[in-house]
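Peer 1: here is the input, now give the coordinates:
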Amino acid sequence: MTEPAFSAVEEGALLTRAETSAFLAQRGIRLKPAPLAQLWSTRSDGPPCLHVRSKPFYPRNLLEAWAAAQILGLRTGAPAAAQSRRRV
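Peer 2: Next up is the predicted model:
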């Protein structure tokens, strides 16, 4: 018999949506549980998650990497595309 894929995950390493929201907020990314669900179901750029009996869980180690990838460098102005749309 094979072991479940998540058996190697350490205890406490799988976070619920509410826990994920708090975890990301500590890293400067404010996403409430509902937008997290929307990112997962309608877009492909949300944090990675796995489902256990249809309930989503977010692996803490993958969240660290995802959160780091979301933080961009400092900006000194709007991107060029946005500046071209600006009305004078």
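
Peer 1: helices and strands around whichever helix or strand Leu39 is part of, which ones?
Peer 2: Taking DSSP states H and E as the criterion, Leu39 maps to helix 33-42. Helix 33-42 sits against helix 17-25, with contacts defined as 3 or more CB pairs under 8 Å, 6 or more residues apart in numbering; DSSP states H and E. For glycine as for every other residue, the C-beta is placed from the backbone atoms N, C-alpha and C.

Peer 1: quick one: contacts for Leu15?
Peer 2: Leu15 sits next to Phe23, Phe57, Tyr58, Pro59, Arg60, Leu63 when contact means CB atoms under 8 Å, 6 or more residues apart in numbering.

Peer 1: OK, contacts around the fifth one?
Peer 2: Under the criterion of CB under 8 Å, 6+ apart, the neighbours of Arg60 are Gly12, Ala13, Leu14, Leu15, Phe23.

Peer 1: tally up the residues packed near the last one, please.
Peer 2: Just to be clear, that refers to Phe23. By other CB atoms under 10 Å, the residues close to Phe23 number 17.

Peer 1: so it versus Ala68, what's the distance?
Peer 2: Phe23 sits at a distance of 13 Å from Ala68 (criterion: CB to CB, to the nearest Å).

Peer 1: thank you, goodbye.
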